[in-house]
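> coords please:
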Amino acid sequence: MLNVTDLTFQYNGVDTLKNINFSIQNGSVTVILGPNGVGKTTLLKCLNGILSPQKGRVCIKDTPIQTMSVKQIAQQVSYVAQKNDAARVTVFDAVLLGRLPHIRYRTRAADLQKTDAVMRQLNLTHMSLKYLDQLSGGELQKVAIARALVQETDLLLLDEPTSSLDLKNQTRILELIKKIVKTHQIAAVMTMHDLNAALRYADYYICLKDHTVFSAGKITDICPDIIAQVYGLPVEIINHNGCPVIIPVMVNEQSVNV
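Here you go, the predicted model:
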């Protein structure tokens, strides 16, 4: 589905990402982990062509993204940003915009039906005629995710998709994303700060440290040593009702650097 080879990106001549290599398979959810400022969001933007790396390449189904038009990328890749602007657009129309890459001349009945179906899945139908600038941050995030899902691409890129959501909506969204990925055999790549949610819903992980890949593999391979080295905080991983749970180890207050 996706191959990244020797990707290096710089802001003002300074490496934000360097020598990034990984591949993503169909039917899998991959999380990109790492501390603040390590380049997670920049990496996502390189994967869908918003940013152009100074070195290396990104291939979607063996096609370099640099050779694809904006419309071709939009037909293959959906992107949910970390922050989404509120506008004077109704919720229904905002979600319907996700069908734009597939519309040739005019909106079809099938486009309206798919939009309605996704809105039902995310419990958004009651606010169909509300304007985006009337919504809370969490509601805006759900609309952005709905727009990405109705786009029906083979690759979902989500930048901290649950950061503005309450616990119930976090769970519902992550379960829905995983179900769609498995059912339709597509791929999802998400940045996350919630390590416990990552352990529960992801299949694979990529840990960034010092702006490069420090560790990557199956999510079940993550161990306390990897987390401690990446985040600079000792942790324990315990099993609770069949689910791994990460617990920070109490440390001397004077040894914590903020």
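
> which SS class is the residue nearest to residue 222 when sequence neighbours are not counted?
Excluding the flanking residues, the one nearest residue 222 by C-beta to C-beta, 6 or more residues apart in numbering is residue 205, at 6.0 Å. Where C-beta positions appear, they are placed from N, C-alpha and C, glycine not excepted. Here residue 205 is recorded as strand under DSSP: H, G, I helix; E, B strand; the rest coil.

> now swap in the one 3 residues further on and tell me
Using three-state DSSP, the secondary structure recorded for residue 208 is strand.

> again with residue 225
Recorded secondary structure, residue 225: helix (three-state DSSP).

> quick check on residue 241: phi, psi?
Main-chain dihedrals, residue 241, degrees, to the nearest 10: phi 50, psi 40.

> burial check on it, number of neighbours?
Using other C-beta atoms under 10 Å, residue 241 has 5 neighbouring residues.

> separation between it and residue 196?
13 Å (C-beta to C-beta, to the nearest Å).

> strands of this structure, start to end?
In the chain, the strands defined using DSSP state E lie at 2-11, 14-24, 28-33, 55-60, 63-64, 77-80, 155-159, 187-191, 204-209, 212-218, 235-240, 243-248.

> buried ones in the second one?
So the one you mean is strand 14-24. Across strand 14-24, burial judged by 16 or more other C-beta atoms under 10 Å covers 15-18, 20, 22, 24.

> what's the mean pLDDT across that strand?
Average pLDDT, strand 14-24: 93.

> that one packs against which elements?
For strand 14-24, the packing partners by 3 or more C-beta pairs under 8 Å, 6 or more residues apart in numbering; DSSP states H and E come out as strand 2-11, helix 40-47, strand 204-209, strand 212-218.

> right, so of the ones you listed, which gets closest to residue 184?
Of all those, strand 2-11 sits nearest to residue 184, with 15.8 Å by C-beta to C-beta.

> buried ones in the closest one, by neighbour count?
2, 4, 7-9.

> distance to residue 185 and pLDDT added to those residues, as TSV?
Conversion of the buried residues of strand 2-11 to TSV gives the following (distance: C-beta to C-beta, whole Å; pLDDT from 0 to 100):
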residue	distance to residue 185	pLDDT
2	14	93
4	20	95
7	25	95
8	31	95
9	30	95
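
> my read: the residue nearest to residue 222 touches residue 217, true?
Yes. At 6.8 Å, residue 205 and residue 217 qualify as touching, with contact defined as C-beta atoms under 8 Å.

> looking at the two, which is more packed in?
Applying other C-beta under 10 Å to residue 205 and residue 217 shows that residue 205 carries more neighbours, namely 23 against 12.
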